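A.B. asks: Sequence and computational prediction follow.
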Amino acid sequence: MDKYIEIERGIITTYRKKIYRKFRKAIEEYNMIKNGDKIAICISGGKDSMLMAKCFQEFQKHGDVKFDLVFLVMNPGYNEENIDLIKSNAKLLNIPITIFDSNIFSIIEKTLDDSPCFLCAKMRRGVLYGEAERLGCNKIALGHHFDDAIETLLLNIFYGGEVKTMMPKLHSDNFNLELIRPMFYIKEDDIISWKNTNGLKFLDCACKFSKNKAESDSKRLEIKNLIKDFRSKSKYVDTSIFHSMSNVNLNAMIGWSKDKKRYSFLDEYDSKD
């Protein structure tokens with residue numbers, strides 16, 4: 001039996017409850033996919049996007065919705081070893097990837113920007129959107145998961161001074177595309193378990209600008225460790241953080257913003273007298 005067949009069976013059997021069912025739940029609950037969609041599955045080469053690609057293949061086979069997939073890999077300037085790892089994993093997992101080159105790494109290297117990670121992420125997103133649109137896609141899928149969402153929420157609270165998180169889907173401001181995050185309910189520990197159970201090795205961060213940066217300097221890692229500590233005290237704390245994103249009580253908020261307009265509880269406060 002080919003390895004990919006065994007892995008596909010595992011997704012809908014062994015990991016049905018922790019991965020595949022949650023994948024389908026996010027798609028169905030947030031109405032992410034419609035008949036006739038053409039979706040660009042953005043593959044970075046890491047565990048999250050590779051698993052997402054396999055889940056999409058299973059959903060395409062077993063679901064009722066008819067849609068097309070493009071498995072899109074952008075090469076921002078990886079070394080040959082990293083590209084070879086992506087290609088070998090795609091072959092092993094039977095994922096028909098489409099690779100296109102960009103010169104993002106070389107551009108950032110010349111800018112000497114103080115925030116290369118922010119600039120790189122912004123440029124990569126724009127290039128991916130542009131290529132997906134060129135290929136006729138109307139949606140683009142990213143592999144952000146449950147932990148990414150709650151980490152982003154806490155990062156914005158602690159370091160951004162605002163209550164804001166990732167959205168399960170949103171329309172692009174600059175492209176005729178919709179972004180979807182079907183891994184939204186899947187926990188990172190379960191993705192790691194899937195990877196280890198199948199003996200898979202994926203690309204970690206291959207950014208040439210952050211490889212020498214101490215992990216202790218990463219604010220996201222700091223938040224990740226904080227959540228890990230919370231989990232050691234209560235197994236429900238991460239779920240509570242997650243649920244808070246959709247359980248906002250505006251009657252107990254001092255201020256909020258929507259569509260670039262600011263609101264205050266004082267706007268209607270005296271009218272209740």
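C.D. replies: Here it is on my side, so go on. None of the values given here were measured: they were computed from a predicted structure.
A.B. asks: what separates Trp256 from Ala149, distance-wise?
C.D. replies: Separation of Trp256 from Ala149 (C-beta to C-beta, to the nearest Å) stands at 19 Å. For glycine as for every other residue, the C-beta is placed from the backbone atoms N, C-alpha and C.
A.B. asks: got it, and Phe175?
C.D. replies: Looking at Phe175 against Ala149, where the rule is C-beta to C-beta, the gap reads 23 Å.
A.B. asks: more neighbours, the two?
C.D. replies: Applying other C-beta atoms under 10 Å to Phe175 and Ala149 shows that Ala149 carries more neighbours, namely 20 against 17.
A.B. asks: Pull the contacting residues for the closest residue to the more buried one other than its chain neighbours.
C.D. replies: Setting aside the residues directly before and after it, Ala149 is nearest to Met166 in space (C-beta to C-beta, 6 or more residues apart in numbering), at 4.8 Å. Contacts here follow C-beta atoms under 8 Å, 6 or more residues apart in numbering; on that basis Met166 touches 144, 148-149, 152, 181, 184.
A.B. asks: what's the pLDDT at Met166?
C.D. replies: Confidence per residue is given as pLDDT, and for Met166 that number is 95.
A.B. asks: now do Glu215
C.D. replies: What the model reports for Glu215 is a pLDDT of 45.
A.B. asks: swap in Gly130?
C.D. replies: The predicted local distance difference test score for Gly130 is 93.
A.B. asks: With Lys211 instead?
C.D. replies: At Lys211 the predicted local distance difference test score is 50.
A.B. asks: ok, back up a step: any chance of a markdown table for the contacts of Met166, columns secondary structure and distance to Trp194?
C.D. replies: Converted to a markdown table, the contacts of Met166 look like this (DSSP: H, G, I helix; E, B strand; the rest coil; distance: C-beta to C-beta, whole Å):
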| residue | secondary structure | distance to Trp194 |
| --- | --- | --- |
| His144 | coil | 16 |
| Asp148 | helix | 16 |
| Ala149 | helix | 19 |
| Thr152 | helix | 22 |
| Arg181 | coil | 18 |
| Phe184 | coil | 17 |
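A.B. asks: in what helix or strand does Leu226 lie?
C.D. replies: According to DSSP states H and E, Leu226 maps onto helix 219-233.
A.B. asks: buried residues in the helix or strand that that helix is followed by?
C.D. replies: Downstream of helix 219-233, the first helix or strand assigned by DSSP H and E is helix 237-244. Judged by neighbour count using 16 or more other C-beta atoms under 10 Å, the buried positions of helix 237-244 are 238, 241-242.
A.B. asks: again, but for stretch 82-91
C.D. replies: In stretch 82-91, the ones that count as buried by 16+ other C-beta under 10 Å are 83, 85-86, 89-90.
A.B. asks: Distance from the chain centre to it, please.
C.D. replies: If you compare the mean C-alpha spot of stretch 82-91 with that of the full chain, they lie 20 Å apart, counting by C-alpha atoms, centre = their mean, to the nearest Å.
A.B. asks: next one: stretch 95-113
C.D. replies: That offset, for stretch 95-113, works out to 19 Å (C-alpha atoms, centre = their mean).
A.B. asks: how big is the angle separating the longest helix along the chain from helix 219-233?
C.D. replies: In the chain, ranked by residue count with DSSP state H as the criterion, the top helix is helix 116-134. Here helix 116-134 runs at an angle of 90 degrees relative to helix 219-233 (axes from the mean of the first three to the mean of the last three C-alpha atoms, to 10 degrees).
A.B. asks: Rounded mean pLDDT for the very next helix or strand once past helix 116-134, please.
C.D. replies: Counting by DSSP H and E, the next helix or strand C-terminal to helix 116-134 is strand 139-141. For strand 139-141, the mean per-residue pLDDT is 98.
A.B. asks: Tell me which other helices or strands strand 139-141 touches.
C.D. replies: strand 38-42, helix 116-134, strand 178-180 (3 or more C-beta pairs under 8 Å, 6 or more residues apart in numbering; DSSP states H and E).
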